[in-house]
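Undergrad: I'd like to go over a predicted model; first the sequence, then the structure.
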Amino acid sequence: MKIGKVGISKVFTFDSAHHLNDYQGKCKNIHGHTYKLEVTLKGIPDKKGFVIDFHDLDDIIENQVLSKIDHKYLNELFDFNPTCEMLGLWLWDEILKKISDLDLSLEKLVLWETPTSYITIDKKDME
């Protein structure tokens, strides 16, 4: 069997509040979202057959990244306007830091702010 790179994806949810600066709609007021985050990593399976164990991926994202923003007021944490786009870029950087010592690449990140509105960041756009 040919062994090549395999993508592994996992979906997470977290809750945060924010308001949008310099915005003239309802979102200028403080409000919250249940965000949905999909993370895709890519690598070659190891001798056990894993790119990364789902449990280890869960630990990285939940405990080392999302714990910083879950149930928090984003405007108090960041020096940028916490739009979905900017939060996605911050998440990208944070995840990259956490996997830098692993033989994996961050391929894609999708962040839903609502069930029908989301942003996508692809590796090719961040190189």
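TA: Yep, it's here. Since the structure is predicted, the reported quantities are computational estimates derived from the model, not experimental observations. Residues are numbered from 1 along each chain as shown.
Undergrad: how about the spatially most central residue of the chain, what does it touch?
TA: Geometric centre of the chain, nearest residue: L91, 4.5 Å, by C-alpha atoms, centre = their mean. For L91, the contacting residues are 37, 65, 109, 111, by C-beta atoms under 8 Å, 6 or more residues apart in numbering. Placement of C-beta: from N, CA and C, glycine included.
Undergrad: at 10 Å what do you get?
TA: Neighbouring residues of L91 by C-beta atoms under 10 Å, 6 or more residues apart in numbering: 35, 37, 39, 61, 65-66, 68-69, 106, 109, 111, 121.
Undergrad: same check, this time on V65
TA: 12, 14, 37, 39, 90-91, 93-95, 97-98.
Undergrad: do you know how far the nearest residue in space to G4 that is not next to it in sequence is from G32?
TA: Sequence neighbours aside, I44 is the residue nearest to G4 in space, at 7.0 Å (criterion: C-beta to C-beta, 6 or more residues apart in numbering). Taking C-beta to C-beta, to the nearest Å as the measure, I44 falls 40 Å from G32.
Undergrad: Would you mind measuring from K36 to L66?
TA: 11 Å.
Undergrad: where exactly do the helices run in the protein?
TA: Ranges of helices in the chain, per DSSP state H, are 54-58, 74-77, 84-99, 123-126.
Undergrad: Ok, which of those helices comes nearest I8?
TA: helix 54-58 (6.8 Å; C-beta to C-beta).
Undergrad: Packing partners of that closest one?
TA: Identification of packing neighbours for helix 54-58 by 3 or more C-beta pairs under 10 Å, 6 or more residues apart in numbering; DSSP states H and E yields strand 6-18.
Undergrad: The strand it packs on pairs with which strands, and in what direction?
TA: strand 31-43 (antiparallel), strand 72-73 (parallel) (DSSP bridges).
Undergrad: Only the C-alpha atoms, please, for the longest one, written as PDB.
TA: The reference is to strand 31-43. Extracted C-alpha coordinates of strand 31-43, given in PDB (Å, rounded to 0.1, in the frame of the first residue of the first chain):
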ATOM      1  CA  HIS A  31     -23.300  40.000  22.200                       C
ATOM      2  CA  GLY A  32     -22.200  36.400  22.200                       C
ATOM      3  CA  HIS A  33     -21.800  33.500  19.800                       C
ATOM      4  CA  THR A  34     -21.400  29.700  20.000                       C
ATOM      5  CA  TYR A  35     -18.500  29.400  17.600                       C
ATOM      6  CA  LYS A  36     -17.800  26.200  15.700                       C
ATOM      7  CA  LEU A  37     -14.200  25.600  14.700                       C
ATOM      8  CA  GLU A  38     -12.900  23.000  12.200                       C
ATOM      9  CA  VAL A  39      -9.200  22.300  12.100                       C
ATOM     10  CA  THR A  40      -7.500  20.200   9.500                       C
ATOM     11  CA  LEU A  41      -3.900  19.000   9.900                       C
ATOM     12  CA  LYS A  42      -1.900  17.000   7.400                       C
ATOM     13  CA  GLY A  43       0.900  14.500   7.800                       C
END
